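**Student:** Below is the structure, and that's it, no one-letter string:
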Ligand SMILES: Nc1nc2c(c(=O)[nH]1)N[C@H]1C(S)=C(S)[C@@H](COP(=O)(O)O)O[C@H]1N2
Ligand SMILES: [Mo]
(Lines give C-alpha, C1' and ligand atoms only; values in the text may rest on other atoms or scores of the structure.)
(Ligands and ions follow the chains in the order given, each with its own letter.)
Protein backbone atom coordinates (compact mmCIF):
# COMPACT_ATOMS: atom_id res chain seq x y z
CA UNK A 1 0.00 0.00 0.00
CA UNK A 2 1.49 3.28 -1.09
CA UNK A 3 -0.81 5.65 0.71
CA UNK A 4 0.57 7.05 3.91
CA UNK A 5 -1.26 5.99 7.01
CA UNK A 6 -2.23 8.32 9.76
CA UNK A 7 0.33 8.05 12.50
CA UNK A 8 -0.25 8.68 16.16
CA UNK A 9 2.10 11.52 15.86
CA UNK A 10 2.04 13.35 12.63
CA UNK A 11 3.87 16.63 12.45
CA UNK A 12 3.03 19.06 9.74
CA UNK A 13 1.74 22.53 9.31
CA UNK A 14 -1.83 23.15 10.25
CA UNK A 15 -4.02 23.10 7.20
CA UNK A 16 -7.29 24.92 7.30
CA UNK A 17 -10.35 22.86 8.05
CA UNK A 18 -11.77 22.84 4.51
CA UNK A 19 -8.50 21.49 3.17
CA UNK A 20 -8.32 19.04 6.00
CA UNK A 21 -11.78 17.69 5.20
CA UNK A 22 -11.03 17.55 1.50
CA UNK A 23 -7.91 15.56 2.18
CA UNK A 24 -9.86 13.13 4.32
CA UNK A 25 -12.60 12.79 1.70
CA UNK A 26 -9.96 12.12 -0.90
CA UNK A 27 -8.25 9.51 1.22
CA UNK A 28 -11.60 7.85 1.88
CA UNK A 29 -12.31 7.68 -1.85
CA UNK A 30 -8.94 6.09 -2.48
CA UNK A 31 -8.86 3.61 0.30
CA UNK A 32 -12.27 3.27 1.84
CA UNK A 33 -12.46 2.05 5.38
CA UNK A 34 -9.25 0.07 5.14
CA UNK A 35 -7.17 3.13 4.45
CA UNK A 36 -6.01 3.66 7.97
CA UNK A 37 -5.39 -0.01 8.56
CA UNK A 38 -2.53 -0.72 6.20
CA UNK A 39 -0.20 -1.71 8.93
CA UNK A 40 3.16 -3.04 7.93
CA UNK A 41 5.86 -4.02 10.40
CA UNK A 42 8.39 -1.78 8.69
CA UNK A 43 6.38 1.24 9.74
CA UNK A 44 6.44 0.42 13.43
CA UNK A 45 8.59 3.44 14.13
CA UNK A 46 8.75 5.47 17.29
CA UNK A 47 5.42 7.20 16.84
CA UNK A 48 3.63 4.89 14.43
CA UNK A 49 0.20 3.49 14.94
CA UNK A 50 -0.64 -0.17 14.44
CA UNK A 51 -4.15 0.02 15.82
CA UNK A 52 -6.24 0.61 12.71
CA UNK A 53 -7.39 3.84 14.23
CA UNK A 54 -9.97 5.94 12.43
CA UNK A 55 -10.21 9.57 13.43
CA UNK A 56 -13.32 10.28 15.49
CA UNK A 57 -15.65 12.70 13.67
CA UNK A 58 -15.31 16.32 14.80
CA UNK A 59 -19.02 16.37 15.61
CA UNK A 60 -18.52 13.62 18.22
CA UNK A 61 -15.29 14.98 19.68
CA UNK A 62 -16.91 18.40 20.15
CA UNK A 63 -20.26 17.26 21.55
CA UNK A 64 -19.44 14.30 23.84
CA UNK A 65 -17.29 15.91 26.52
CA UNK A 66 -16.23 15.94 30.12
CA UNK A 67 -15.85 19.47 31.47
CA UNK A 68 -17.50 19.30 34.86
CA UNK A 69 -17.32 23.04 35.47
CA UNK A 70 -20.18 23.20 32.96
CA UNK A 71 -22.15 20.14 34.05
CA UNK A 72 -21.83 16.43 34.49
CA UNK A 73 -23.65 15.05 31.46
CA UNK A 74 -21.72 14.58 28.25
CA UNK A 75 -23.80 17.12 26.34
CA UNK A 76 -23.54 19.87 29.00
CA UNK A 77 -20.12 21.29 28.06
CA UNK A 78 -21.11 22.08 24.47
CA UNK A 79 -24.34 23.66 25.68
CA UNK A 80 -23.02 25.66 28.61
CA UNK A 81 -19.36 26.42 27.86
CA UNK A 82 -20.15 28.88 25.08
CA UNK A 83 -20.36 31.65 27.69
CA UNK A 84 -16.71 31.07 28.64
CA UNK A 85 -14.78 34.25 27.91
CA UNK A 86 -11.46 33.28 26.32
CA UNK A 87 -10.34 36.78 25.29
CA UNK A 88 -8.40 38.21 27.00
CA UNK A 89 -6.72 35.17 28.58
CA UNK A 90 -3.65 35.01 30.73
CA UNK A 91 -1.69 32.28 32.46
CA UNK A 92 0.17 32.79 35.73
CA UNK A 93 3.45 30.92 36.01
CA UNK A 94 4.96 30.57 39.47
CA UNK A 95 7.06 28.39 41.75
CA UNK A 96 10.56 27.10 41.16
CA UNK A 97 11.57 28.96 38.00
CA UNK A 98 13.47 32.07 36.97
CA UNK A 99 10.75 33.61 34.81
CA UNK A 100 7.64 33.60 36.98
CA UNK A 101 4.92 36.03 36.01
CA UNK A 102 1.52 36.48 34.44
CA UNK A 103 1.65 36.16 30.69
CA UNK A 104 -1.06 36.96 28.20
CA UNK A 105 -1.99 34.22 25.78
CA UNK A 106 -0.54 35.91 22.72
CA UNK A 107 2.88 36.16 24.36
CA UNK A 108 2.74 32.53 25.45
CA UNK A 109 1.75 31.18 22.05
CA UNK A 110 3.62 33.63 19.83
CA UNK A 111 6.95 31.79 19.64
CA UNK A 112 5.39 28.30 19.34
CA UNK A 113 5.17 26.39 16.09
CA UNK A 114 1.81 24.65 15.84
CA UNK A 115 1.85 21.04 14.64
CA UNK A 116 -0.83 18.39 14.23
CA UNK A 117 -0.75 15.19 16.29
CA UNK A 118 -3.28 12.42 16.09
CA UNK A 119 -3.66 10.84 19.53
CA UNK A 120 -5.94 8.32 21.14
CA UNK A 121 -7.82 9.67 24.16
CA UNK A 122 -8.91 7.04 26.72
CA UNK A 123 -11.27 8.20 29.45
CA UNK A 124 -11.09 6.40 32.78
CA UNK A 125 -14.83 5.73 32.33
CA UNK A 126 -14.10 3.26 29.53
CA UNK A 127 -14.69 5.14 26.28
CA UNK A 128 -12.14 6.45 23.81
CA UNK A 129 -11.69 8.64 20.75
CA UNK A 130 -8.98 9.50 18.23
CA UNK A 131 -8.41 13.23 17.94
CA UNK A 132 -6.16 15.29 15.66
CA UNK A 133 -4.86 18.00 17.96
CA UNK A 134 -3.11 21.20 16.96
CA UNK A 135 -0.56 22.35 19.43
CA UNK A 136 3.05 22.15 20.56
CA UNK A 137 5.10 20.15 23.06
CA UNK A 138 4.56 21.36 26.62
CA UNK A 139 8.35 21.13 27.05
CA UNK A 140 8.84 23.98 24.56
CA UNK A 141 6.71 26.23 26.74
CA UNK A 142 8.07 25.14 30.13
CA UNK A 143 11.70 25.63 29.12
CA UNK A 144 11.05 29.32 28.51
CA UNK A 145 10.33 29.84 32.23
CA UNK A 146 13.70 28.33 33.18
CA UNK A 147 12.60 25.88 35.87
CA UNK A 148 15.16 25.31 38.63
CA UNK A 149 16.41 22.00 40.01
CA UNK A 150 13.75 22.28 42.72
CA UNK A 151 11.03 21.86 40.10
CA UNK A 152 10.16 18.17 40.45
CA UNK A 153 6.50 18.40 39.41
CA UNK A 154 4.29 20.73 37.41
CA UNK A 155 0.89 21.71 38.74
CA UNK A 156 -1.87 22.96 36.44
CA UNK A 157 -5.04 24.77 37.33
CA UNK A 158 -8.20 25.50 35.33
CA UNK A 159 -10.06 28.80 35.48
CA UNK A 160 -12.54 28.79 38.35
CA UNK A 161 -15.07 31.56 37.84
CA UNK A 162 -18.54 30.90 39.24
CA UNK A 163 -19.91 33.70 37.08
CA UNK A 164 -18.97 31.75 33.95
CA UNK A 165 -19.08 28.17 35.19
CA UNK A 166 -22.46 27.08 36.54
CA UNK A 167 -21.24 24.00 38.45
CA UNK A 168 -18.79 25.98 40.59
CA UNK A 169 -21.70 27.30 42.62
CA UNK A 170 -22.95 23.78 43.26
CA UNK A 171 -19.65 22.47 44.58
CA UNK A 172 -20.02 19.34 42.52
CA UNK A 173 -16.25 18.84 42.79
CA UNK A 174 -13.54 20.41 45.01
CA UNK A 175 -12.71 23.26 42.61
CA UNK A 176 -10.55 24.49 41.06
CA UNK A 177 -9.74 21.62 38.70
CA UNK A 178 -6.11 20.80 39.45
CA UNK A 179 -3.84 18.29 37.72
CA UNK A 180 -0.14 17.57 37.74
CA UNK A 181 2.71 15.77 36.06
CA UNK A 182 6.15 14.69 37.18
CA UNK A 183 8.78 16.87 35.51
CA UNK A 184 9.99 14.12 33.15
CA UNK A 185 6.41 13.39 32.10
CA UNK A 186 5.81 17.09 31.49
CA UNK A 187 8.98 17.32 29.38
CA UNK A 188 8.24 14.16 27.37
CA UNK A 189 7.90 14.89 23.63
CA UNK A 190 4.42 13.28 23.50
CA UNK A 191 3.03 15.72 26.07
CA UNK A 192 1.20 18.44 24.25
CA UNK A 193 -0.43 21.80 24.83
CA UNK A 194 -3.37 21.90 22.44
CA UNK A 195 -4.74 25.16 21.11
CA UNK A 196 -6.81 23.60 18.36
CA UNK A 197 -8.19 20.38 16.93
CA UNK A 198 -9.18 19.22 13.43
CA UNK A 199 -7.36 22.26 12.07
CA UNK A 200 -9.70 24.65 13.87
CA UNK A 201 -9.56 26.69 17.05
CA UNK A 202 -10.14 24.57 20.13
CA UNK A 203 -13.88 24.59 20.90
CA UNK A 204 -14.66 25.96 24.35
CA UNK A 205 -16.12 22.61 25.43
CA UNK A 206 -12.75 20.99 24.60
CA UNK A 207 -10.80 23.38 26.81
CA UNK A 208 -10.15 26.60 24.92
CA UNK A 209 -7.96 28.51 24.72
CA UNK A 210 -5.29 26.03 25.85
CA UNK A 211 -5.39 22.57 27.41
CA UNK A 212 -3.05 19.76 28.21
CA UNK A 213 -3.01 16.47 26.25
CA UNK A 214 -1.19 13.50 27.78
CA UNK A 215 -2.12 10.58 25.50
CA UNK A 216 -0.79 7.69 27.62
CA UNK A 217 -2.80 8.72 30.69
CA UNK A 218 -6.52 8.63 31.42
CA UNK A 219 -8.31 11.64 29.98
CA UNK A 220 -8.80 13.37 33.32
CA UNK A 221 -5.09 14.29 33.40
CA UNK A 222 -5.61 16.39 30.25
CA UNK A 223 -6.72 19.53 32.06
CA UNK A 224 -8.66 22.17 30.15
CA UNK A 225 -8.67 25.99 30.01
CA UNK A 226 -5.46 26.43 32.00
CA UNK A 227 -4.85 29.65 33.98
CA UNK A 228 -1.97 28.65 36.24
CA UNK A 229 1.21 26.59 35.82
CA UNK A 230 3.33 26.05 38.93
CA UNK A 231 6.74 24.41 39.29
CA UNK A 232 6.62 22.56 42.60
CA UNK A 233 8.76 20.22 44.71
CA UNK A 234 6.02 17.81 45.78
CA UNK A 235 3.42 15.98 43.74
CA UNK A 236 0.38 18.29 43.73
CA UNK A 237 -2.87 16.91 45.09
CA UNK A 238 -5.16 16.64 42.10
CA UNK A 239 -8.89 17.31 42.06
CA UNK A 240 -9.64 13.63 41.48
CA UNK A 241 -7.40 12.54 44.35
CA UNK A 242 -9.42 14.89 46.57
CA UNK A 243 -12.61 13.24 45.30
CA UNK A 244 -11.40 9.63 45.73
CA UNK A 245 -7.69 8.96 46.16
CA UNK A 246 -8.27 5.20 46.10
CA UNK A 247 -9.94 5.41 42.68
CA UNK A 248 -7.95 8.07 40.84
CA UNK A 249 -4.21 7.98 41.35
CA UNK A 250 -1.68 10.69 40.58
CA UNK A 251 -0.09 8.78 37.70
CA UNK A 252 -3.29 7.57 36.02
CA UNK A 253 -1.38 5.76 33.29
CA UNK A 254 -3.77 3.80 31.09
CA UNK A 255 -3.38 0.24 32.31
CA UNK A 256 -5.69 -2.66 31.39
CA UNK A 257 -4.04 -4.78 34.13
CA UNK A 258 -5.10 -2.48 36.96
CA UNK A 259 -8.86 -2.18 37.46
CA UNK A 260 -10.60 0.90 38.70
CA UNK A 261 -12.07 0.15 42.10
CA UNK A 262 -15.55 -0.14 40.60
CA UNK A 263 -14.91 -1.44 37.05
CA UNK A 264 -12.41 -3.24 34.85
CA UNK A 265 -10.09 -1.26 32.57
CA UNK A 266 -9.45 -4.17 30.18
CA UNK A 267 -11.78 -2.90 27.42
CA UNK A 268 -12.99 0.35 26.01
CA UNK A 269 -15.73 1.57 23.72
CA UNK A 270 -14.36 3.66 20.88
CA UNK A 271 -16.94 6.31 20.01
CA UNK A 272 -18.82 5.23 16.90
CA UNK A 273 -17.95 1.55 17.30
CA UNK A 274 -20.24 -1.23 18.47
CA UNK A 275 -17.82 -3.85 19.77
CA UNK A 276 -15.48 -3.02 22.60
CA UNK A 277 -11.75 -2.98 21.97
CA UNK A 278 -8.93 -4.16 24.18
CA UNK A 279 -7.35 -1.32 26.10
CA UNK A 280 -3.59 -1.15 25.59
CA UNK A 281 -0.91 -0.54 28.19
CA UNK A 282 -0.10 3.18 28.28
CA UNK A 283 -2.91 3.57 25.74
CA UNK A 284 -0.62 2.12 23.06
CA UNK A 285 2.29 4.46 23.78
CA UNK A 286 4.33 2.00 25.89
CA UNK A 287 7.24 2.03 23.47
CA UNK A 288 7.68 5.75 24.03
CA UNK A 289 6.86 6.12 27.73
CA UNK A 290 7.22 2.82 29.63
CA UNK A 291 10.83 3.67 30.50
CA UNK A 292 9.63 6.64 32.58
CA UNK A 293 8.23 4.14 35.08
CA UNK A 294 11.06 1.60 35.27
CA UNK A 295 11.22 0.01 38.68
CA UNK A 296 7.89 1.46 39.78
CA UNK A 297 5.09 -0.79 40.95
CA UNK A 298 2.24 0.32 38.67
CA UNK A 299 -0.34 -1.26 40.98
CA UNK A 300 0.78 0.95 43.83
CA UNK A 301 1.45 3.99 41.65
CA UNK A 302 -1.79 3.74 39.66
N1 LIG B 1 -10.95 21.59 33.74
C2 LIG B 1 -11.32 20.36 33.38
N3 LIG B 1 -10.50 19.62 32.59
C4 LIG B 1 -10.87 18.37 32.22
C5 LIG B 1 -12.09 17.80 32.67
C6 LIG B 1 -12.93 18.62 33.50
O7 LIG B 1 -14.03 18.21 33.93
N8 LIG B 1 -12.52 19.89 33.82
N9 LIG B 1 -12.43 16.51 32.33
C10 LIG B 1 -11.32 15.61 31.97
C11 LIG B 1 -11.77 14.34 31.46
S12 LIG B 1 -12.41 13.25 32.59
C13 LIG B 1 -11.59 13.97 30.15
S14 LIG B 1 -11.96 12.41 29.63
C15 LIG B 1 -11.12 14.95 29.16
C16 LIG B 1 -12.11 15.04 28.03
O17 LIG B 1 -11.65 15.87 27.00
P18 LIG B 1 -12.55 16.17 25.73
O19 LIG B 1 -13.89 16.63 26.24
O20 LIG B 1 -11.84 17.22 24.96
O21 LIG B 1 -12.67 14.89 24.97
O22 LIG B 1 -10.94 16.25 29.70
C23 LIG B 1 -10.35 16.27 30.99
N24 LIG B 1 -10.05 17.64 31.39
MO1 LIG C 1 -12.37 11.18 31.58
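**Tutor:** Looks like it arrived, so ask away. The model shown is predicted, which means the values in this text are computed figures rather than measured ones. Ligands and ions are numbered 1, 2, ... in the order given.
**Student:** For the rest of this, base every contact and every neighbour count on C-alpha atoms.
**Tutor:** Fine.
**Student:** now the strands: where do they sit in the stretch 51-200 of the chain?
**Tutor:** Using DSSP state E, counting those that start in this stretch, the strands of the stretch 51-200 of the chain run over 90-95, 101-104, 115-122, 127-137, 153-158, 178-182, 192-197, 200-201.
**Student:** list the helices and strands the first one packs on?
**Tutor:** So that's strand 90-95. Secondary-structure packing of strand 90-95 (3 or more CA pairs under 8 Å, 6 or more residues apart in numbering; DSSP states H and E): strand 101-104, strand 226-232.
**Student:** what does the next helix or strand after the last one rub up against?
**Tutor:** Once the chain leaves strand 226-232, the next helix or strand it forms, by DSSP states H and E, is helix 239-244. Residues from elsewhere that reach helix 239-244 (CA atoms under 8 Å, 6 or more residues apart in numbering): 173-179, 247-250.
**Student:** Counting neighbours, which of those residues end up buried?
**Tutor:** 175-179, 248-250 (16 or more other CA atoms under 10 Å).
**Student:** just these that are near ligand 1?
**Tutor:** Applying CA under 6 Å from any ligand atom to the buried ones among the contacts of helix 239-244, one finds that residue 177 fall near ligand 1.
**Student:** can you put the buried ones among the contacts of helix 239-244 in JSON lines and add pLDDT and distance to ligand 2?
**Tutor:** Formatted as JSON lines, the buried ones among the contacts of helix 239-244 follow (pLDDT from 0 to 100; distance: CA to the ion, whole Å):
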{"residue": "175", "pLDDT": "97", "distance to ligand 2": "16"}
{"residue": "176", "pLDDT": "98", "distance to ligand 2": "16"}
{"residue": "177", "pLDDT": "98", "distance to ligand 2": "13"}
{"residue": "178", "pLDDT": "98", "distance to ligand 2": "14"}
{"residue": "179", "pLDDT": "98", "distance to ligand 2": "13"}
{"residue": "248", "pLDDT": "97", "distance to ligand 2": "11"}
{"residue": "249", "pLDDT": "97", "distance to ligand 2": "13"}
{"residue": "250", "pLDDT": "98", "distance to ligand 2": "14"}
